[in-house]
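>>> quick one, fold the following:
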Amino acid sequence: MSFFITLIIFVLILAVILYNRLVLARNRVLAAWSDISVQLKRRHDLIPKLVEAVKYYARYEQATLENVVALRNASEAANGVDQISLLESDLGRTVHQILALAEQYPDLKANRSFLELQRDITNVENDIQYARRFYNGAVKRLNVRIGSFPDMLVARLFGFRSANYFEIEDHDKADVKM
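Got it, this is the predicted structure:
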């Protein structure tokens, strides 16, 4: 009888430890997503300034400017990692196209405000990539725990779900000269 009680206590302690590790992994994913959200907000805040700076010099690029604003708005309204990933990938590509316009407009390329925006956007893009890698690492750890024995038993019992990766393109920064 005492062996049976010891076994039950051991299993309960193990379940508590596994549950706490799953909660920690889930909270890391949530914290990492919060970091991505902050970086995306920084990018979204810079876009109207970039559009205004480019609009003055590149009047013929109206469709590209309207597209970047539409993508920004759609991304802010999006729900779910997959939908945001797709929109942010398109947004990043379009922002890169706008930054590349400076090559066609020497006055824009020489404008100090534009150069500062270009630098800020490059920094934000780098921060987004760092936050994305951190988030995806946290997702991987959570998903491995949820799919591994014995953690999977506790995960299923308490309804833990796998998280989705945040996939956006790494844009070729060589296209944009500073």
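>>> which helix runs longest in the chain?
Looking across the chain with DSSP state H, the single longest helix is helix 2-57.
>>> output whatever helix or strand comes next after that helix as CSV - backbone C-alpha positions only.
Per DSSP states H and E, the first helix or strand lying C-terminal to helix 2-57 is helix 62-77. Below are the C-alpha coordinates for helix 62-77, written out as CSV (Å, rounded to 0.1, in the frame of the first residue of the first chain):
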residue,chain,number,x,y,z
GLN,A,62,1.3,56.9,-56.1
ALA,A,63,0.2,53.3,-56.6
THR,A,64,3.1,52.0,-54.5
LEU,A,65,2.5,54.5,-51.8
GLU,A,66,-1.2,53.6,-51.6
ASN,A,67,-0.3,49.9,-51.5
VAL,A,68,2.0,50.3,-48.5
VAL,A,69,-0.7,52.3,-46.6
ALA,A,70,-3.3,49.6,-47.5
LEU,A,71,-1.0,46.8,-46.3
ARG,A,72,-0.2,48.6,-43.1
ASN,A,73,-3.9,49.1,-42.4
ALA,A,74,-4.7,45.5,-43.2
SER,A,75,-1.9,44.2,-41.0
GLU,A,76,-3.1,46.3,-38.1
ALA,A,77,-6.6,44.8,-38.5
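>>> tell me the angle of helix 62-77 relative to helix 2-57?
Relative orientation of helix 62-77 versus helix 2-57 (axes from the mean of the first three to the mean of the last three CA atoms, to 10 degrees): 150 degrees.
>>> quick revisit: helices and strands around the longest helix of the chain, which ones?
Judged by 3 or more CB pairs under 8 Å, 6 or more residues apart in numbering; DSSP states H and E, helix 2-57 is in contact with helix 62-77, helix 81-100, helix 106-110, helix 112-147, helix 151-157. In this view, the C-beta of every residue, glycine as well, is placed from N, C-alpha and C.
>>> Arg28: which of the ones you listed is closest?
The closest of the helices and strands packed on helix 2-57 to Arg28 is helix 112-147. By CB to CB, the value is 4.2 Å.
>>> give me the buried positions along the closest one.
Burial within helix 112-147, assessed by neighbour count using 16 or more other CB atoms under 10 Å, is assigned to 114, 117-118, 120-122, 124-125, 127-128, 131-132, 135-136, 138-139, 141-143, 145-146.
>>> ditto for stretch 88-106
Buried residues in stretch 88-106, counting neighbours by 16+ other CB under 10 Å, are found at 88-92, 94-99, 101-102, 105.
>>> wait, which of the helices and strands packed on helix 2-57 is closest to Ala32?
Across the helices and strands packed on helix 2-57, Ala32 has its closest neighbour in helix 112-147 (3.7 Å, CB to CB).
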